[in-house]
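[1] Sequence and predicted structure, then a few things I'm wondering about:
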Amino acid sequence: MRMFPSIYVAGEGMVDAAVVERLFKDFHLPLGPIYQAGGKENLRKKISGYNHAAQFFPWFVLVDLNQEAPVLLCSGAIGYLRKVL
């Protein structure tokens, strides 16, 4: 069985964290730390930092489950997820 590094996660808050935990569990993805930004605006302020970190580790960023933009993937994560899935 091929081992993959954990995927770091960022989201707005507790709901995003719960959704990601379930999603990763159902798809057998290696879950890393989950960072809760405390709201959409705080997450958007930090997105460039997550994008920079994605150059070194795979990241999955979930924002706005209830409104405009369902999923954002930082650079580097898309190719990684294609390999995993």
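    Received, thanks. In this text the structure is predicted, and so the values were computed from the model without any measurement. Numbers count the residues shown, from 1 in each chain.
[2] Contacts only, for the nearest residue to P30 once chain neighbours are set aside.
    Using C-beta to C-beta, 6 or more residues apart in numbering and skipping residues adjacent in sequence, the residue nearest P30 is S6, 4.6 Å away. For every residue, glycine as well, the C-beta is placed using N, CA and C. Residues near S6 by C-beta atoms under 8 Å, 6 or more residues apart in numbering: P30, L31, G32, P33, F57, P58.
[3] And Q55, how far from L23?
    Using C-beta to C-beta, to the nearest Å, Q55 is found at 24 Å from L23.
[4] still on that earlier bit, who wins for most neighbours among the contacts of S6?
    Ranked by the number of neighbours (other C-beta atoms under 10 Å), these place P58 first, at 25 neighbours.
[5] can I assume V19 sits in a helix?
    Yes - secondary structure of V19 (DSSP: H, G, I helix; E, B strand; the rest coil): part of a helix.
[6] Please enumerate the strands of the protein.
    Here the chain has its strands, by DSSP state E, at 7-11, 31-36, 59-62, 71-72.
[7] Quick one: closest of those to L43.
    In terms of C-beta to C-beta, the element of the strands of the chain nearest to L43 is strand 7-11, at 6.4 Å.
[8] Restricting to C-alpha, output that closest one in PDB.
    What follows is strand 7-11, C-alpha atoms only, in PDB (Å, rounded to 0.1, in the frame of the first residue of the first chain):
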ATOM      1  CA  ILE A   7      -2.900  16.900   3.900                       C
ATOM      2  CA  TYR A   8      -3.000  20.100   5.800                       C
ATOM      3  CA  VAL A   9      -6.500  21.700   6.100                       C
ATOM      4  CA  ALA A  10      -7.800  25.200   6.600                       C
ATOM      5  CA  GLY A  11     -11.400  26.300   7.000                       C
END
